[in-house]
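Mind folding the following:
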Amino acid sequence: MGSESERRLPRISPREFRDFEVQLDLEGITLTGKLGNISEEGLCYLGEDDMLSDELDNVVIGTILWSLGNKRMFFEGKIVWTQTAVIRGVQYFLAGIQFSEKLNLTDSMLARSLEI
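Residues are numbered from 1 along each chain as shown. I've put the predicted structure just below:
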């Protein structure tokens, strides 16, 4: 597998995923952010608050919401990296979340992740 060592820098193109929102449940606090990228094995979360840098290796439960409908996908995973980035003038706090179990992505979401 070796997915942790293969990619050091995340591919970020939140424009591709602007129709998706990610909610993370962190010890009773719900964080809402954007989806930076996704694969069957994990996702990149873009938040505007630095709430996840202290949470490395912690397990989070989350939901991916489609803004164009009422579809949602639930996941559980572990935070494997965090960093900050400025995207189009806005500072974001990024977190890489590795899913506990591979997700079965929808065709449309999978197609978007492959376009990048």
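
Can you name the next helix or strand after the lowest-mean-pLDDT helix or strand in the chain?
Ranked by mean pLDDT, DSSP states H and E, the weakest helix or strand in the chain is helix 3-6, scoring a mean of 44. Next helix or strand after helix 3-6 toward the C-terminus (DSSP states H and E): strand 20-26.

Which strands and helices lie in contact with that next one?
Under the contact definition 3 or more C-beta pairs under 8 Å, 6 or more residues apart in numbering; DSSP states H and E, strand 20-26 sits against strand 29-38, strand 42-47, strand 59-66. (C-beta placed from N, C-alpha, C; glycine too.)

Apply 10 Å and report the result again.
Other elements packing on strand 20-26 under the criterion 3 or more C-beta pairs under 10 Å, 6 or more residues apart in numbering; DSSP states H and E are strand 29-38, strand 42-47, strand 59-66, strand 72-87, strand 90-99.

tell me the most buried of these?
strand 42-47 (a mean of 24; mean count of other C-beta atoms under 10 Å).

Report the mean per-residue pLDDT for that one.
Regarding strand 42-47, the rounded mean pLDDT is 94.

can you check stretch 93-104 too?
Mean predicted lDDT for stretch 93-104 stands at 93.

Measure how far stretch 32-44 is from the centre of its chain, please.
Offset of stretch 32-44 from its chain centre (C-alpha atoms, centre = their mean, to the nearest Å): 2 Å.

still on that earlier bit, which one of the helices and strands packed on strand 20-26 lies closest to Thr106?
Smallest distance to Thr106 across the helices and strands packed on strand 20-26 (C-beta to C-beta): 7.8 Å, for strand 72-87.

and Asp50, how far is that from Phe93?
5 Å (C-beta to C-beta, to the nearest Å).

I meant to write Glu48 there.
Taking C-beta to C-beta, one finds Glu48 at 7 Å from Phe93.

Tell me the residues that contact both of these two, please.
Leu31, Gly33 (C-beta atoms under 10 Å, 6 or more residues apart in numbering).
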